[in-house]
Each structure stands twice: as structure tokens, then as C-alpha cells.
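> the following comprises the amino acid sequence and a computationally predicted model.
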Amino acid sequence: MGPWFDVVLEAVRQDCKIGVIKVVRNLVHRRLVRAREVVEVLPSVVRSRLLLDVAEGLRQQLEHGYGVIPWPSERGPACHVTLRISSQVAEPVVRPKRVYQQMTLFDIRTDDSHAEYIADVNRGLDAEPGNPYLTRYGHVCSPGWWACFDRGELPIEVLSGPVTFVGSRPVCVWYGETEDVIEFVSGIRVVGYDRLDYWTAAPICVGDLVTVTRTVAGLQTPGRLMRSEIDLRVEWVTAHDEQRQAEPVAVPDPAGN
């Protein structure tokens with residue numbers, strides 16, 4: 001990085017002194033007494049330790065008479081301003097690290113958020129004598145089942161992508177019914193959940209990242225194969241501020257209202 005620059009006020013037109021004082025006050029020194037001292041005791045440093053583009057911008061605003069009333073009769077500069085290299089060396093500008101919010105909304109291995117649903121799945125598995133799923137993996141969330149998970153034997157699917165909708169939208173226009181949902185896109189697939197329970201535990205906005213890790217428990221019946229999807233864990237990470245949308249996306253009303 002190059003050096004700092006000082007903006008030095010060298011001379012002021014007598015008929016523009018009051019206006020230049022106002023400019024200095026508006027741009028640099030809020031106190032009128034300090035602004036008057038800068039203009040009346042010349043040469044004076046208006047501002048010091050500025051980057052070149054910032055210093056040049058201030059110089060032009062002062063010398064070109066921006067905000068000076070009345071304007072000089074011959075349209076000349078209201079004052080004479082120069083730039084000089086500051087005696088202090090410029091320091092690199094370090095941006096503070098952005099702090100992102102991150103939260104695990106639930107994890108069935110460490111909490112009981114889905115205990116009732118898991119119990120229903122296991123009852124369905126028990127209803128079929130000699131169920132091959134039980135033979136291979138055991139009951140859902142049992143120690144043996146988690147051991148299969150740790151060995152990578154369970155069929156696992158990870159759905160991850162940006163949130164595209166959060167909030168209420170009409171379901172049935174004629175009866176005024178709405179649904180409160182959250183949706184995100186994983187690949188080309190739109191994944192939606194009712195915004196209940198753990199989905200309300202974090203201030204999720206459009207643009208945030210949601211990741212759902214899930215598995216499937218299969219139950220073979222005489223007529224068909226029953227599949228129970230089991231979400232193991234849901235994680236949420238905020239997006240950059242400029243990518244977030246705090247308000248829900250407005251969905252067009254099919255009735256045109």
C-alpha cells in the first residue's frame with residue numbers, strides 16, 4: 001500500500017471565506033470553531049492520513065467551491081488546496097472477519113426430537129415377521145443401527161442447498177387456506193418442510209444454506225415396498241448479508257388478487 005496523504009489548505013478567496021468555512025465544517029469538522037481555525041490560520045491541514053483517491057476527492061470539493069455561497073464572480077476556485085505525503089506511513093487495511101451463524105436444528109443421535117416418529121417406524125418394522133431390514137440393521141436408533149451408520153452401511157442421502165422460500169402462502173385460494181413452509185433447492189430438486197417445531201428454532205432467511213442428512217427404512221409388504229424417510233440431522237448456515245432476504249418471497253395469487 002502506498003503512503004498516506006494530507007490535504008492542505010494554502011489560501012482562500014476573501015469573498016468565499018464564509019462559504020469555505022461551511023464546506024470544511026460539513027465535510028471534516030463538525031464544530032464551527034474548529035472549522036474557522038482551519039480556514040483563517042493558513043496554511044492548515046484540513047485532514048491528514050488519507051488514501052490518495054480520498055484525499056483527491058476532498059481537494060476537489062474544496063477547491064472547486066462545492067457548497068460555497070456566493071459562487072466567485074469569475075467562476076474561479078474558491079480556495080487553493082494541495083496534497084502532500086503524510087509523515088506517517090500507511091498501514092494496511094484489515095477487514096474484520098465476518099461471523100456467520102451456524103446451528104444444528106436437530107440431531108436424532110443426540111436429542112429426542114423425533115422419538116415418537118422413530119417409535120412408529122419401529123412398530124411398522126416389527127409388524128413384518130422376518131423383516132430383512134431388521135435382520136440387517138436392527139431397530140432404528142438402536143446401538144446396532146448406529147453402528148451400521150458409523151460403518152457406512154446405512155443408505156444415506158444428503159440434501160443441501162440455498163433456501164428459496166420462507167413463510168406463508170396460499171394453498172386453496174377459494175377457502176383462504178395457507179401453509180407456513182420453508183423450501184430449499186438441492187441440485188434440481190425442491191425440498192419443502194412445514195415450518196414447525198425445530199424449523200422455527202433459527203431465523204432462517206431466503207439465501208441461507210440448509211443441509212438435511214437422511215436415510216430410508218424399508219418395509220416389504222405383500223403388495224408393495226413401504227419406505228419411511230428418516231431425517232437424521234438438519235444444519236443451517238447464514239448466507240452473506242447481501243444474499244439474505246429477511247422477508248418471505250411474495251407468491252403470486254392464482255386468483256389475481
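Yep, that arrived.
> Met103 against Trp199, yeah?
No: assessed by Cβ atoms under 8 Å, Met103 is found out of contact with Trp199, at 11.5 Å. (Glycine included, C-beta is placed from N, CA and C.)
> neighbour count: the two, which is higher?
Per other Cβ atoms under 10 Å, whichever of Met103 and Trp199 has more neighbours is Trp199, with 19 against 15.
> over to that one. Which of the three states is it?
Put simply, Trp199 is helix when judged by DSSP: H, G, I helix; E, B strand; the rest coil.
> that one against Asp180, yeah?
No: assessed by Cβ under 8 Å, Trp199 is found out of contact with Asp180, at 9.2 Å.
> what about the closest residue to Leu209 other than its chain neighbours, neighbour count?
Nearest residue to Leu209, sequence neighbours excluded (Cβ to Cβ, 6 or more residues apart in numbering): Val237, at 4.5 Å. For Val237, the neighbour count with other Cβ under 10 Å is 14.
> what's across from the closest residue to Tyr117 other than its chain neighbours in the sheet?
Spatial nearest neighbour of Tyr117, excluding adjacent residues (Cβ to Cβ, 6+ apart): Ile230 at 7.8 Å. Beta bridges link Ile230 to Thr215 when assigned by DSSP bridges.
> so the residue nearest to Leu209 touches Gly207, yeah?
No: with contact defined as Cβ under 8 Å, Val237 does not reach Gly207; the gap is 10.7 Å.
> what segments of the stretch 51-200 of the chain are strands?
79-85, 102-107, 156-172, 177-186, 189-194 (DSSP state E, counting those that start in this stretch).
> give me the phi and psi for Asp111.
phi -140, psi 170 (degrees, to the nearest 10).
> how many residues are close by it?
Neighbours of Asp111 (other Cβ under 10 Å): 12.
> do Cys16 as well
Neighbour tally, Cys16, other Cβ under 10 Å: 21.
> do the same with the one 5 residues further on
The local packing count at Ile21 equals 20, with neighbours defined by other Cβ under 10 Å.
> ends of stretch 42-60, how far apart?
Stretch 42-60 has an end-to-end distance of 18 Å (Cα to Cα, to the nearest Å).
> any idea how far it is from the middle of the chain?
Computed by Cα atoms, centre = their mean, to the nearest Å, the chain-centroid distance of stretch 42-60 equals 35 Å.
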